[in-house]
Structure formats: C-alpha cells, structure tokens
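A.B. asks: missing the sequence, but the structure's below:
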C-alpha cells in the first residue's frame with residue numbers, strides 16, 4: 001500500500017454534512033433543508049440519505065444568505081441565481097465565438113483574395129473564384 005498524500009477536496013466534492021454546512025454558512029440546518037426543498041441548492045445524498053454539500057454548494061448558500069439579508073424574497077433569489085447562471089453561460093458562448101472568429105480570421109489571413117460574406121445564421125461563408 002502506498003502512502004499517497006490527500007489534498008483538500010475539490011469544489012464539487014460532496015463532503016460537508018448539514019451541520020458543517022450550516023456552521024460554514026451561518027444558516028440554521030432547517031433553513032438548508034428548506035432551500036434544498038425549494039431547489040435553491042441541490043446537495044448530493046449519502047448512502048443513508050443524508051445531505052452532503054460541496055464547497056460550491058456552500059458558496060451558493062452564502063450568496064442566498066446575502067441576497068435574503070438584502071431584502072430579496074426566495075423567488076427573487078431564485079430569479080437572480082437563474083440570471084447569473086444564464087449570464088455565465090452566455091459569457092462562455094461569447095468566449096467560444098471569439099475563438100472561432102480568431103481562427104477564421106487567421107485562416108483568411110493565410111489565404112489571400114478570398115471574398116467573404118457573413119450570413120444571418122452567424123456562420124461565415126467563404127466564396128472562391130473559379131479559374132477561367
């Protein structure tokens with residue numbers, strides 16, 4: 001048997017039981033159960049059915065606590081979280097599109113005299129002239 005050092009758990013590793021999650025977030029365990037029931041957070045389940053929270057869940061619970069402390073109701077919190085998730089997805093999409101555009105620009109730079117026409121489907125069409 002080898003002694004492999006074990007590092008800290010990753011942000012998506014479900015290791016925190018509800019009492020530890022409550023202590024880390026400053027929330028009551030019953031509040032965590034309510035948030036789970038409402039779908040604001042979805043912790044993993046252990047074999048016996050107990051909740052296991054990840055560090056990402058802990059951060060999300062802290063965010064929910066901040067938003068409710070600022071006066072938002074739980075439906076408002078749900079909406080804010082949904083919009084933030086949508087924004088993150090759109091940012092990823094924009095980054096991917098920028099990479100595609102850079103690759104297309106690089107390809108065009110290596111092939112001179114190609115007329116280009118952009119289509120409405122967000123794709124690039126490259127037209128080649130046929131030799132006479």
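C.D. replies: Structure's in. What do you need? The shown structure was predicted, so the numbers you read here are calculated from the model rather than taken from an experiment.

A.B. asks: C-alpha from now on. contacts and neighbour counts both.
C.D. replies: Will do.

A.B. asks: For the longest helix along the chain, buried residues please.
C.D. replies: For the chain, the helix with the greatest residue count under DSSP state H is helix 74-110. Residues 77, 78, 81 are the ones in helix 74-110 that count as buried (16 or more other Cα atoms under 10 Å).

A.B. asks: what helices or strands is that helix leaning on?
C.D. replies: The contact analysis (3 or more Cα pairs under 8 Å, 6 or more residues apart in numbering; DSSP states H and E) places helix 74-110 against helix 55-69.

A.B. asks: Which elements pack onto the helix it packs on?
C.D. replies: Contact partners of helix 55-69 among helices and strands, from 3+ Cα pairs under 8 Å, 6+ apart: helix 18-25, helix 74-110.

A.B. asks: Let me see the residues that make contact with that helix.
C.D. replies: Applying Cα atoms under 8 Å, 6 or more residues apart in numbering, the external contacts of helix 55-69 come out as 10-14, 21, 24-25, 27, 32, 41-43, 74, 77.

A.B. asks: Low-confidence regions, this protein specifically.
C.D. replies: Residues of the chain meeting the criterion pLDDT under 70: 1-5, 112-129, 131-132.

A.B. asks: Pipe the helices and strands packed on helix 55-69 into JSON lines and attach distance to residue 66 per row.
C.D. replies: Shown next, in JSON lines, are these (distance: least, Cα to Cα, whole Å):
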{"stretch": "helix 18-25", "distance to residue 66": "10"}
{"stretch": "helix 74-110", "distance to residue 66": "10"}
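
A.B. asks: What are the contacting residues of the one helix or strand residue 33 maps to?
C.D. replies: In the assignment (DSSP states H and E), residue 33 maps to helix 29-38. The contact list for helix 29-38, computed with Cα under 8 Å, 6+ apart, reads 18, 19, 21, 22, 41, 42, 43, 61.
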